[in-house]
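Trainee: this is a predicted model, with the sequence first.
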Amino acid sequence: MFTGEIQRSRSKKPFVLAFVVVAIIAAVVLFVPFPRTVKSTFTLVGATSTDVKAVRAGKVAEVVSASGKSVNAGDPLLKLEAADAEKALTEAQSKLDALNKQKPAPAKDAARSAQEVRKSEAALKAADKALEAARAKAKGKPAPAVAKAEKKQKAASAALERAKSKARLSEADLKAQVAEQEKAVAAAKAELDGCTLKAPASGVVAGLRVVKGTVLEKDAVVAKVEGAAKLKAVVEEPATQKLKKGMALELVLEGGGHKKLLFDDDAKDGKAVAEFDNTKGEFEPGMGGTAEITGDDTNLLSTLLGK
């Protein structure tokens, strides 16, 4: 009798042992944590961004560049109509050339010329005052007195220009006028140069939406140049995973290419950022694709329950 019980007990041991082993394996599989991978999307942006501003007001004559185009510092992005600026430079340069051709006059001749200029300036000042009085009396209505005053003012202005053009200058006055006119030429060149809006830094153009004919105000921001030497991967935070500083991710670009990174900070406003060096120019702002993120540890049970 005892022998039968012993045999039955021995026959049960393998089943008990198997059950224990299965239970242990199930516990390990269901409850032991393991790393998981979650996916999201990302976009590359320049780590630095510089505004492109219109240094003068004007109408766009030509759009040279476009958003997404790589540029070097100083490359033209768009051009404004420059007829007025070109005319101003031509006139300023012409006056400077005329002054440079002049020879200093003897003191007596220079004094006589200066006196003639002063007389012409006084005559123009009187003509301006008479015109102002005539207009005030007419109260904005057409009047013969206004037309007559305008004619005299125009003649006085022309007389002053003739006096200046004929004036013989002393050496000191000539040097002073040459210096003043050189400044005028430099200012005119700067104005003309401002008709071409250039890239303030090397990088990729972003947000350039103006077209030919667009009228720009001075200091209007027309585009940005995103620096490409360092880039930021801006990753959308998945609904199932909080993105945290130090988390690992791998960028998989739409056109091919991979990049392994770590997040710089916790996500803010649903986005997390990972900055990286791009001095070799392997990537460009505007590129995007899939971000494979090494998320928080989980277990099979949580995965099956969708947690």
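Mentor: Thanks, I have the structure now. Residues are numbered from 1 along each chain as shown.
Trainee: alpha carbons only for contacts and neighbour counts from here, please
Mentor: Noted.
Trainee: what are the boundaries of the strands in the stretch 101-250 of the chain?
Mentor: Using DSSP state E, counting those that start in this stretch, the strands of the stretch 101-250 of the chain run over residues 196-198, 203-206, 215-216, 221-226, 230-236, 248-253.
Trainee: now residue 68: closest residue in space that isn't a chain neighbour?
Mentor: Leaving aside its sequence neighbours, residue 68 sits nearest to residue 205 (CA to CA, 6 or more residues apart in numbering; 5.3 Å).
Trainee: quick check: the one you found touching residue 224?
Mentor: Yes. Here residue 205 lies in contact with residue 224, judged by CA atoms under 8 Å, at a distance of 5.9 Å.
Trainee: got any ranges where the stretch 101-250 of the chain has weak pLDDT?
Mentor: Within the stretch 101-250 of the chain, not a single segment meets pLDDT under 70.
Trainee: for it, what spans make up the helices?
Mentor: Assigned by DSSP state H, counting those that start in this stretch, the helices in the stretch 101-250 of the chain fall at 107-138, 144-166, 171-193.
Trainee: can you redo those as a markdown table with mean neighbour count and distance to residue 260?
Mentor: Listed next are those as a markdown table, based on neighbours: other CA atoms under 10 Å; distance: least, CA to CA, whole Å:
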| stretch | mean neighbour count | distance to residue 260 |
| --- | --- | --- |
| helix 107-138 | 17 | 75 |
| helix 144-166 | 16 | 72 |
| helix 171-193 | 16 | 44 |
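Trainee: tell me which of those helices lies nearest to residue 101.
Mentor: For the helices of the stretch 101-250 of the chain, proximity to residue 101 was assessed by CA to CA; helix 171-193 is nearest, at 10.5 Å.
Trainee: CA atoms only: put that closest one into CSV for me.
Mentor: Extracted C-alpha coordinates of helix 171-193, given in CSV (Å, rounded to 0.1, in the frame of the first residue of the first chain):
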residue,chain,number,x,y,z
GLU,A,171,42.2,125.5,-51.3
ALA,A,172,40.6,125.0,-47.9
ASP,A,173,37.1,125.4,-49.2
LEU,A,174,37.8,123.1,-52.1
LYS,A,175,39.1,120.4,-49.8
ALA,A,176,36.1,120.8,-47.5
GLN,A,177,33.7,120.4,-50.4
VAL,A,178,35.5,117.4,-51.8
ALA,A,179,35.3,115.7,-48.4
GLU,A,180,31.6,116.5,-48.1
GLN,A,181,30.9,115.3,-51.6
GLU,A,182,32.8,112.0,-50.9
LYS,A,183,30.4,111.4,-48.0
ALA,A,184,27.5,112.0,-50.3
VAL,A,185,28.8,109.5,-52.9
ALA,A,186,29.4,106.9,-50.1
ALA,A,187,25.8,107.4,-48.9
ALA,A,188,24.5,107.1,-52.4
LYS,A,189,26.4,103.8,-52.9
ALA,A,190,25.1,102.5,-49.6
GLU,A,191,21.6,103.4,-50.7
LEU,A,192,22.1,101.6,-54.0
ASP,A,193,23.7,98.6,-52.3
